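Asks: Attaching a predicted model along with its sequence, questions to come.
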Amino acid sequence: MLKMEWEKIIYLCQNLDVKMRIFFITIILLSLLNFPLFAQTGIISGYVRNGSEDSVSIAGAEVNLLIDRGHRLIDDSSYVQLTDAKGRFEFKNLETDSALRYYPRSAFGSIVYYGRAVRLTDKSSAMQSDVVVYDTTSSPEKIVTQLEHLFIDAEPGRLSFREIFIMNNTGTKTFIGKNFEQPENHYVLQFPLSAGFDDVEILTPEAQNLVRIEGGMLYHTELMSPGSRQFSYRFVVPIKKKEWQFSRPILYPSGALNIFISNPDLTIEGRAVTAMGDFSIRGINYQRFSAFHLMPGSELSFTIKNIPGKAFSFSLHWLVLVGVIFFLVIGFIYTFIKSKS
């Protein structure tokens, strides 16, 4: 089949004059080599807007592109523009490849903000992605706990806690918290840890390197723009008694806190805690408790009861040691009685 196609091309070339032959052959060679002269390119445009001021456009803002090429980020300084008088930017002659993701971004008040990711293809070669920036505030008054789940499990000699938060910045400014060590470092969201905590593990992958623990407080150091964010961690508390008092302050307003207990023998009691019955999550049955209308300045406090103690166990070497001591004592007594007789 391929041979027949080439024979047709050769036949056509033989019936053309010299100039047309050269032009025709050039077109064929360029198409075979996928010469970039004929490759389709794409455009990304958008506006830089200030979300703290009714999304007003910002003129003269510097915008650049960050390119994600399959787990490899490309920070190419050649893709830099200033927005025009209407706050608009436009990047032309971009490669159209569905494997690439383009992120327009702009710095505002020393904070870098990103537009949504854009993929350019031959069918979708012109896309828009606005970059919304915000003024900043160090006041936490617009930070609320949108959702909070506390999972409690008991093992002999210890309690395990897993906390899941969805935090929400309901304002129109980026919350920056307070500085520590250097001006660019911030204590942003704060999560009090219960007394006696140990083995803290951050469960949110993107937050692994964005936390600090000082005293009994866990700090999330990423600045929080308007919108929501999930954060999760777990820790254990060594326990020697059958009961233990859980207590921590409330720092952000919360409509409700759900407490889930997987151990059927474990129970909790607290003035502000209400039993809500059994609840199943992914095939696991839990006892569910809830606390409502938690406000800053109050305290979440309840008693955990029926904690299993450590089981007493004899390892083999201890059993052998006791046996040896027993026979030594018996031998000593026997020798003593025989010497008296």
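Replies: Here it is on my side, so go on.
Asks: going forward, measure contacts and count neighbours with C-alpha atoms only.
Replies: OK.
Asks: Listing request: residues of the stretch 51-200 of the chain with sub-threshold pLDDT.
Replies: Applying pLDDT under 70 to the stretch 51-200 of the chain flags residues 182-183.
Asks: ok, so what distance separates the closest residue to residue 210 other than its chain neighbours from residue 298?
Replies: Excluding the flanking residues, the one nearest residue 210 by CA to CA, 6 or more residues apart in numbering is residue 221, at 5.3 Å. For residue 221, the distance to residue 298 equals 24 Å [CA to CA, to the nearest Å].
Asks: And for residue 57?
Replies: Distance from residue 57 to residue 298, by CA to CA: 42 Å.
Asks: Comparing those two, which residue is more hemmed in?
Replies: residue 57 (22 against 13; other CA atoms under 10 Å).
Asks: residue contacts, the more buried one?
Replies: Going by CA atoms under 8 Å, 6 or more residues apart in numbering, residue 57 touches 47, 48, 49, 50, 86, 87, 88.
Asks: Quickly list what it is bridged to.
Replies: When assigned by DSSP bridges, residue 57 has beta-bridge partners residue 49.
Asks: How about residue 219?
Replies: Assigned bridge partners for residue 219, using DSSP bridges, are residue 190, residue 212.
Asks: Please look at it and residue 213 and confirm they touch.
Replies: Yes - counting by CA atoms under 8 Å, residue 219 touches residue 213, with 6.2 Å between them.
Asks: Compare those two (neighbour count), which wins?
Replies: Neighbour count, other CA under 10 Å: between residue 219 and residue 213, residue 219 has more, with 18 against 14.
Asks: Report the separation between the more buried one and residue 188.
Replies: Distance of residue 219 to residue 188, given as CA to CA: 7 Å.
Asks: which stretches of the stretch 201-341 of the chain form strands?
Replies: Remark: strands assigned in the stretch 201-341 of the chain by DSSP state E, counting those that start in this stretch are 211-214, 217-220, 227-238, 244-249, 254-261, 267-269, 274-281, 284-294, 299-305.
Asks: Quick one: list the elements packing against the second one.
Replies: Applying 3 or more CA pairs under 8 Å, 6 or more residues apart in numbering; DSSP states H and E, we find strand 217-220 packed against strand 189-192, strand 211-214.
Asks: now those strands as JSON lines including distance to residue 308?
Replies: Shown next, in JSON lines, are the helices and strands packed on strand 217-220 (distance: least, CA to CA, whole Å):
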{"stretch": "strand 189-192", "distance to residue 308": "26"}
{"stretch": "strand 211-214", "distance to residue 308": "29"}
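Asks: Tell me which of the ones you listed lies nearest to residue 102.
Replies: Closest of the helices and strands packed on strand 217-220 to residue 102 is strand 211-214, at 28.3 Å (criterion: CA to CA).
Asks: Now do that closest one, average pLDDT.
Replies: Taken as a whole, strand 211-214 has an average pLDDT of 94.
Asks: quick one, helices of the stretch 1-150 of the chain?
Replies: Here the stretch 1-150 of the chain has its helices, by DSSP state H, counting those that start in this stretch, at 2-14, 18-32.
Asks: among these, which gets the worst mean confidence?
Replies: Mean pLDDT values for the helices of the stretch 1-150 of the chain show the minimum at helix 2-14, a mean of 54.
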